[in-house]
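[1] from the sequence below, what's the structure:
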Amino acid sequence: MRPINLEEPVLAQYKWYQIAQWPVFMMPFRPFFLLASVWSIIAIIVWAMVLSGHFQWQATFPATLWHAHEMIFAFTSAIAVGFLLTAAQTWTSIPTLSGAKLMALVLIWAATRIIFVMQPQYLPAVILGQLAFWLASIGCLSNMLIGAKSKKNYLFIAILTALCVFNLLFLVLSSQGQFASARTFSQLAVLGFMLLIGIVGGRVIPFFTARGLTLAHQVHTPRLDKALLVFSVLGMCGFALSQLFNVALNPGYLIVLGATIHLLRSGLWFDLNIRHVPLLWSLHLGYLLAAIGLLFCGLSFFLPVINFTDALHLITLGGIGLTILAMIARVSLGHTGRALNVSHAMSVAFMLLACGAAIRAFLPYFIGPPLAWLCSAVLWAAAFILFSISYFSVLTQKRVDGRRG
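    This is a model prediction of the structure:
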């Protein structure tokens, strides 16, 4: 295992074909955070145009499935891969994917997006593209973690593998016209990302809070962390059995229990002073919205007044979306040697995304679904436009300290 020389400088001048020297391909977070954010803007605008009747959907499968796929398996997955491949270098001291190999992975991901939006009926090509993206990502992460015997992080390999399986089954079932089953796998993926957020959040939120507020002690919740893992996996299994195989069990109990553990951790991590630090209050709020959304998902199995899909969107927009936006804003600054301070524009972006989540989850009951969906789509696009503009130079230019990364 070769240790990383963190002091290795970036060449002052290099040829255009020396891809390893391009700042944007020096670390996985750079291209994936930027391109995934831009793609989420394009995808949500296409979705809004379909909803408003300004774009005629031509594919044989529902536009709702395309929307679900691109926001869950394209956007969120790319962010997760970019984050994990970057974090794995810190965990293992093994160099992560960079240069031409990273560019190739990004091109596979981008080409698949273009095919799916331009020719959505070409599902076999999309399946191959997604499979190549997942296998390369999981292979790279596994090589780093197993090579360094980083056993406490092996769980991330299992989670990415499960998401890969969900993605492929979603696409295969869509190609066969089994749309209800395909939708179930997109919902399972949301629950899978909730587990991922729970694990990563359990590590970074109390740590970031203690560092950001200069607290003497960091909050630790090891028993709750273990319980969350167990009940999250059981909840996903119960949901799959009930929805895919019509097993007579109610997964609501396990989902509510998992949500309660999320809420307990959120309360233990909370400190009133986070309100002064946008990178903290946004992260805490995102995690809280994810927990509330999961709670409502569980309660929907007992209370018909609660719509499962609306509750799920509180997770996707408010929980996953806001947590991602807060995390990529912080990670991008920290890994490029910049101070951990965001602009007023990013504070506005955080608030826009939180408002969009609330509108999507609750306003369909009052103003009707189509208008609520459109409003939330506009707010999502606005939030990620602000991020893309604010962070374009951060993600495409050299570290401010002259080091690689």
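
[2] show me the helices in the stretch 201-350 of the chain, by range?
    With helices called from DSSP state H, counting those that start in this stretch, the stretch 201-350 of the chain shows them at 222-244, 252-269, 278-299, 308-313, 322-334, 344-362.

[3] what's the closest of those to residue 93?
    Ranking the helices of the stretch 201-350 of the chain by distance to residue 93, with CB to CB as the measure, places helix 322-334 first at 17.4 Å. To be clear about C-beta, it is placed using only N, CA and C from the backbone, and glycine gets the same treatment.

[4] what's near enough to touch residue 196?
    80, 156, 159 (CB atoms under 8 Å, 6 or more residues apart in numbering).

[5] among the helices of the stretch 201-350 of the chain, which is nearest residue 36?
    helix 322-334 (8.6 Å).

[6] mind giving me the packing neighbours of that closest one?
    Helix 322-334 sits against helix 29-52, helix 77-92, helix 179-212, helix 278-299, helix 344-362, helix 369-396, with contacts defined as 3 or more CB pairs under 8 Å, 6 or more residues apart in numbering; DSSP states H and E.

[7] sketch out the low-pLDDT regions of the stretch 101-250 of the chain for me.
    In the predicted model of the stretch 101-250 of the chain, no residue satisfies pLDDT under 70.

[8] I should have written the stretch 301-405 of the chain there, sorry.
    Counting by pLDDT under 70, the stretch 301-405 of the chain has no low-confidence residues at all.

[9] can you redo the helices of the stretch 201-350 of the chain as TSV with distance to residue 36 and mean neighbour count?
    As requested, these are exported to TSV (distance: least, CB to CB, whole Å; neighbours: other CB atoms under 10 Å):
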stretch	distance to residue 36	mean neighbour count
helix 222-244	24	17
helix 252-269	24	20
helix 278-299	16	24
helix 308-313	19	20
helix 322-334	9	23
helix 344-362	15	21
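
[10] the stretch 51-200 of the chain: helices as residue ranges?
    Listed in chain order, the helices of the stretch 51-200 of the chain (DSSP H, counting those that start in this stretch) span 63-68, 77-92, 99-118, 123-147, 154-175, 179-212.

[11] does residue 192 really touch residue 237, like I thought?
    No. No contact is recorded between residue 192 and residue 237 when judged using CB atoms under 8 Å, the distance being 11.6 Å.

[12] just to revisit the earlier point, the helices of the stretch 201-350 of the chain: which one's closest to residue 126?
    Counting by CB to CB, and looking across all of those, nearest comes helix 222-244 at 22.0 Å.

[13] closest to residue 349 out of the helices of the stretch 51-200 of the chain?
    Of all these, it is helix 77-92 that lies closest to residue 349, at 15.2 Å by CB to CB.

[14] give the buried residues for that closest one.
    If you call a residue buried by 16 or more other CB atoms under 10 Å, then helix 77-92 has these buried ones: 77-89, 92.

[15] what distance separates that helix from the centre of its chain?
    Counting by CA atoms, centre = their mean, to the nearest Å, helix 77-92 is centred 12 Å from the centre of its parent chain.

[16] restricting to C-alpha, output it in PDB.
    The C-alpha coordinates for helix 77-92 follow below in PDB (Å, rounded to 0.1, in the frame of the first residue of the first chain):
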ATOM      1  CA  SER A  77     -26.000   7.700  -7.100                       C
ATOM      2  CA  ALA A  78     -23.400   9.900  -8.900                       C
ATOM      3  CA  ILE A  79     -23.200  12.100  -5.800                       C
ATOM      4  CA  ALA A  80     -22.800   9.000  -3.500                       C
ATOM      5  CA  VAL A  81     -20.100   7.500  -5.700                       C
ATOM      6  CA  GLY A  82     -18.200  10.800  -5.900                       C
ATOM      7  CA  PHE A  83     -18.400  11.200  -2.100                       C
ATOM      8  CA  LEU A  84     -17.400   7.600  -1.300                       C
ATOM      9  CA  LEU A  85     -14.500   7.300  -3.700                       C
ATOM     10  CA  THR A  86     -13.200  10.600  -2.300                       C
ATOM     11  CA  ALA A  87     -13.700   9.600   1.300                       C
ATOM     12  CA  ALA A  88     -12.100   6.200   0.700                       C
ATOM     13  CA  GLN A  89      -8.800   7.800   0.000                       C
ATOM     14  CA  THR A  90      -8.900   9.500   3.400                       C
ATOM     15  CA  TRP A  91     -10.000   6.200   5.100                       C
ATOM     16  CA  THR A  92      -7.400   4.100   3.400                       C
END
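
[17] hmm, who's touching that helix?
    Taking CB under 8 Å, 6+ apart as the criterion, the residues outside helix 77-92 that touch it are 1, 4, 27-33, 35-36, 39, 94-97, 109, 133-134, 137, 140-141, 144-145, 147-148, 150, 153, 156, 160, 163, 167, 193, 196, 200, 324, 327-328, 331, 335.

[18] then stretch 137-144?
    When contacts are defined by CB under 8 Å, 6+ apart, stretch 137-144 is touched by residues 81, 84-85, 88-89, 91-92, 94, 96-97, 105, 150, 156-157, 160-161, 164.

[19] could you do stretch 383-400 as well?
    Stretch 383-400 is touched from outside by 10, 23-24, 29-31, 33-34, 37-38, 40-41, 321, 325, 328-329, 332-333, 335-338, 342-343, 345-346, 348-350, 352-353, 356, 405, with contacts defined as CB under 8 Å, 6+ apart.

[20] now do stretch 244-257: distance from first to last residue.
    As for stretch 244-257, its first-to-last residue distance stands at 22 Å under the measure CA to CA, to the nearest Å.

[21] residue numbering should commence at 585 henceforth.
    Let's use 585 as the start, then, which means that last one is stretch 828-841.

[22] which outside residues touch it?
    Stretch 828-841 is touched from outside by 765, 768, 775, 815, 818-819, 822-823, 825-826, 878-879, 881-886, with contacts defined as CB under 8 Å, 6+ apart.

[23] alright, calling it a day.
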